[in-house]
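> how would this look folded up:
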Amino acid sequence: MEILLASNHSTQFIARELRQILPDEVIREADYDSILPTMLSTEMPAHIWVLIDSLNVRNQFFSLQEEERGDFGMTWINQIRTGIDHVGDQGGRITLTLPPAPPNACTHAMLRPDQIQYHIQTIRKGLANLTAENDHIQYLDLQPLISEVGRGNVYDSKLRNMADQPYSLKFTRMLATKMAALHDLAHGRVQKCCILDLDHTLWGGVIGDDGLDGIQIGRDGIGKAYREIQLWARELRRRGIILAICSKNTEHIAREPFQKHPDMVLREDDIAVFVANWEDKASNIRYIQEVLNIGFDSMVFIDDNPMERAIVKENLPEVMVPELPEAPEDYLPYLESLDLFNSLNKTSIDGVDRTQRYQIEAHRVKEQRSSGSLDDFLSGLGMTSEVTTPFASGDVTRISELFQRSNQFNLTTIRYSEADIKQLMRDKDCMTFSFRLQDKFGEHGIVSLVVAKITPLELQIESWVMSCRVLKRTLEHFVMSTLITAAHKHGCSRIKGTYIPTPKNGLVKDIYPQFEFEAGEDGFILEISPETTFPSHIKQS
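Have a look, this model is predicted:
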C-alpha cells in the first residue's frame, strides 16, 4: 500500500521510522506544509496521513492581524473538510493526528476567540467530529501520548530550529509505532479474543481451596482490583470482544462464583468458551481456537502465573501473553497501557449476540467430536442459508465489520468501509451477496459475503470472505453454486476469480482449483454449463 505523509512540519524522521516498522508499505512524503493541496491532488494514494503540529498552528495564528483571528479555527476546519470530501470521493483513506493543546493552556484562554488555546480546541473538536461523520477517516490524539511521556520528553528545540522537526527522536519513534498500530487496525490485524485465568486473576485466592466465601472480590481492599478487571473484561464483551476462560480447576467448582457470588461482575452468559480442567493451558487454548476458528494471533491470554504464561508463549508463540505485574492493583493500569482490543468500528458491536453464538458453537464442537463421521455430523445439523442480494441496507455495519476483520478466508483482502459498501449497492454493474447460516443449534448470522462484477461474458469475483467459525460446513460449495446460478441468470458463460496471497490467507490458496477453476495469467477461470454444480449439506431457506 502507498502511504503519503502530509503535514505542517517536516516528516523525514517519522517517515524513516515508519519504513522500519512497516517495511512492506510504500511511505512517501508530500511537499513541505502542503496538507490541503496534497488532499486535493489528482494522484490520490490509498492512504494519506495528515500530521498536525499545534506549535506551527500557533505560529500561523500569531502571524495574523487581530481582526483576522476570530474565525481562524473554523476556517482551518472548513479547509480540511474540503480535502476530506475529495479524498472520500476518490476512495482514499485518511489518518489524522489531533494536535495537542499548546503549552500553558488554561480554561480562561480556551473561552476567548482572541487566544490560540480557543482555536486549538476548536480544531481538535472539529477534526474529531469530521472523523465521526466520515467512514474513511480515523484519528490519533496526540494529547494522551504527550501526557504519558511528559511534555519535556516530547519536543526538541534544536531539531525544530534545524529541520522544522518538532518532536524528539524518542517521541517520534513512539508516534510512528502508534501510527503503525492504527494502520494494522485498518487492515484487519486486530485482537478478537481475551482468554482469562481465574484464581488470582479474576479473583483473589483459589476457589478450590478457599471456597466461595473465601475468595477476594468486591468493592473493598484488594477485592476492588479484581472487580475492576472484571468490569474491564465485561466492557470488552459489550464491544464485541470474545471472552473465554482457561483455568486449571474442576469445572463445576470454577463455575460456582459466576453462578452464586454476589460480587462477581462477570457471569456465565458473558463467557463464550469456558474451559476448566487439569490439562495444560496450551492444549486448552488450542481447543478454544478450534471452537472460535480465529487465528492464534487474534488471542490475548491473561494469567497471573509466570509459569503458565511461559508455557503458552513457548507452545503458542502467536498468542499475545502480557507480563502482568506482581501486584493485582497494577493489573488493570498495565493492561490499559497496552492499548489492546482496539477497533475502527464506529458502531457498537453486539457482543452479547456474538457470545451466545460461540456458546452454541462449543456445543457443536462437542457433538462433532462424538459423531461417527464428518458427513454424518453435517447431515444431522439441518443447515439452511438465507441469501440476500444485493446487500440489505440494515446489514451494512455487520458487512463492513466482516470485511474488515476477515483474514484467513479472504481471497483478495479488500477492506470495504460502510461508505464503500453503500456505493457497491448502488453500482449497476456490481452484484453483492450476503449469506446467513442456521442449523439445529441456532443462528450464525451473516457468515459469508461476495462482491462480483458482471460483464457480458463473465461474472468476476472481486471479493469473497467467510467467517472461519463456519469452515468445513460445505458453505463454500453452497456459495459457489449460488454464484453459478447468478452467472447463468445474467447470460455469463464463465466465472473468474482472483486470489491475492497474504501472510494469513494461505488457507484459501487452493479454493479455486478445488472448484475446478483453471489458472490463467490474470486469475482463475471456470467455464460453466447448466450441469455445473457443487453439492453441499446446506439448503436455501
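> List the contacts of the nearest residue to Y155 once chain neighbours are set aside.
Distances taken as Cβ to Cβ, 6 or more residues apart in numbering place P166 nearest to Y155, at 6.0 Å, with adjacent residues excluded. No exception for glycine: its C-beta is placed from N, CA and C like everyone else's. Counting by Cβ atoms under 8 Å, 6 or more residues apart in numbering, P166 touches 9, 53, 55-56, 155-156, 159-160.
> Then F403?
Contacts of F403 by Cβ under 8 Å, 6+ apart are 414-416, 421, 449, 463, 465.
> Quick one: buried ones out of these?
Neighbour-count burial (16 or more other Cβ atoms under 10 Å) is assigned, among the contacts of F403, to 415-416, 421, 449, 463, 465.
> where does the stretch 1-150 of the chain have low pLDDT?
Where the stretch 1-150 of the chain drops to pLDDT under 70, the residues are 1, 42, 44-45, 102-111.
> would you list every one of the strands in it?
Taking DSSP state E, counting those that start in this stretch as the test, the strands found in the stretch 1-150 of the chain are 2-7, 26-29, 47-51, 93-98, 137-141.
> Format those strands as CSV; extra columns: distance to S283 and mean neighbour count.
Below are the strands of the stretch 1-150 of the chain laid out as CSV (distance: least, Cβ to Cβ, whole Å; neighbours: other Cβ atoms under 10 Å):
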stretch, distance to S283, mean neighbour count
strand 2-7, 41, 22
strand 26-29, 42, 16
strand 47-51, 41, 24
strand 93-98, 40, 21
strand 137-141, 38, 18
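> Just tell me which of those strands ends up closest to P535.
strand 93-98 (41.1 Å; Cβ to Cβ).
> roughly how far is stretch 476-486 from the heart of the chain?
On the basis of Cα atoms, centre = their mean, to the nearest Å, stretch 476-486 sits 29 Å off its chain's mean C-alpha point.
> which SS class is V465?
strand (DSSP: H, G, I helix; E, B strand; the rest coil).
> how far away is the closest residue to it other than its chain neighbours from Y226?
Leaving out its chain neighbours, the residue that sits closest to V465 by Cβ to Cβ, 6+ apart is S406, at 4.0 Å. Distance from S406 to Y226, counting by Cβ to Cβ, to the nearest Å: 35 Å.
> Over to Q20?
In this view, Q20 and Y226 are 40 Å apart by Cβ to Cβ.
> The two: which is more packed in?
The residue with more neighbours, out of Q20 and Y226, is Y226; 26 against 11, by other Cβ atoms under 10 Å.
> So the more buried one belongs to a helix, correct?
Yes. Using three-state DSSP, the assignment for Y226 is a helix.
> which ones are touching it?
So, once contact is read as Cβ under 8 Å, 6+ apart, Y226 ends up touching 201-204, 216-217, 328.
> 6 Å - rerun?
203-204, 217 (Cβ atoms under 6 Å, 6 or more residues apart in numbering).
> Check R93 too.
Counting by Cβ under 6 Å, 6+ apart, the residues that R93 touches are 47, 136.
> Kindly recompute the last result at 10 Å.
1, 3, 45-49, 87, 134-138, 183, 186, 415, 417 (Cβ atoms under 10 Å, 6 or more residues apart in numbering).
> likewise K260?
K260 neighbours (Cβ under 10 Å, 6+ apart): L212.
> H47 is in contact with I94, isn't it?
Yes. The pair H47 / I94 is scored as a contact, 7.6 Å apart, by Cβ atoms under 10 Å.
> Counting neighbours, which of the contacts of Y226 end up buried?
Looks like these have 203-204, 217 buried, using 16+ other Cβ under 10 Å.
> of all the residues you listed, which comes closest to Q60?
Nearest member of the buried ones among the contacts of Y226 to Q60, counting by Cβ to Cβ, is I217, at 53.7 Å.
> measure that closest one to E228 for me?
10 Å.
> Need the overlap of contacts for these two.
Joint contacts of I217 and E228 (Cβ under 10 Å, 6+ apart) are V265.
> Return the backbone torsion pair for L475.
phi -70, psi -30 (degrees, to the nearest 10).
> So A181 versus L145, what's the distance?
On the measure of Cβ to Cβ, A181 and L145 end up 12 Å apart.
> typed the wrong thing, it's I14
13 Å.
> What is the longest strand of this protein by residue count?
strand 442-454 (DSSP state E).
> pLDDT on that strand, on average?
On average, the pLDDT along strand 442-454 is 89.
> Could you spell out the sheet neighbours of that strand, each with its direction?
strand 430-439 (antiparallel), strand 458-466 (antiparallel) (DSSP bridges).
> Buried deepest among the ones you listed, which one?
Of all the strands paired with strand 442-454, strand 458-466 has the most neighbours on average by mean count of other Cβ atoms under 10 Å, namely a mean of 23.
> Just to check, M174 is in contact with G150?
No. In this structure M174 lies outside contact range of G150 using Cβ under 10 Å: 12.0 Å.
> Looking at those two, which one has more neighbours?
M174 (18 against 9).
> per-residue confidence at E458?
91.
> Quick check: beta-bridge partners of it?
Beta-bridge pairing for E458 (DSSP bridges): R494.
> dump the residue contacts of it.
E458 makes contacts with 452, 487, 490, 492-496, 525-528, as judged by Cβ under 10 Å, 6+ apart.
> Please tabulate the residues you listed in a markdown table, including the columns distance to L236 and neighbour count.
Converted to a markdown table, the contacts of E458 look like this (distance: Cβ to Cβ, whole Å; neighbours: other Cβ atoms under 10 Å):
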| residue | distance to L236 | neighbour count |
| --- | --- | --- |
| A452 | 36 | 25 |
| A487 | 42 | 22 |
| H490 | 44 | 13 |
| C492 | 45 | 21 |
| S493 | 49 | 13 |
| R494 | 46 | 15 |
| I495 | 41 | 24 |
| K496 | 41 | 22 |
| I525 | 45 | 16 |
| L526 | 43 | 21 |
| E527 | 48 | 12 |
| I528 | 45 | 20 |
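> Just the endpoints, please. Distance across stretch 31-39?
12 Å (Cα to Cα, to the nearest Å).
> Check stretch 458-474 too.
24 Å.
> So which bits of stretch 118-134 are buried?
By neighbour count on 16+ other Cβ under 10 Å, the buried set for stretch 118-134 is 118-124, 126-127, 130-131, 134.
> actually stretch 53-67, not the one I wrote
53-58, 61.
> from those, which is closest to D31?
N56 (15.1 Å).
> Test my guess that that closest one contacts S7.
Yes. Judged on Cβ under 10 Å, N56 makes contact with S7 at a distance of 8.8 Å.
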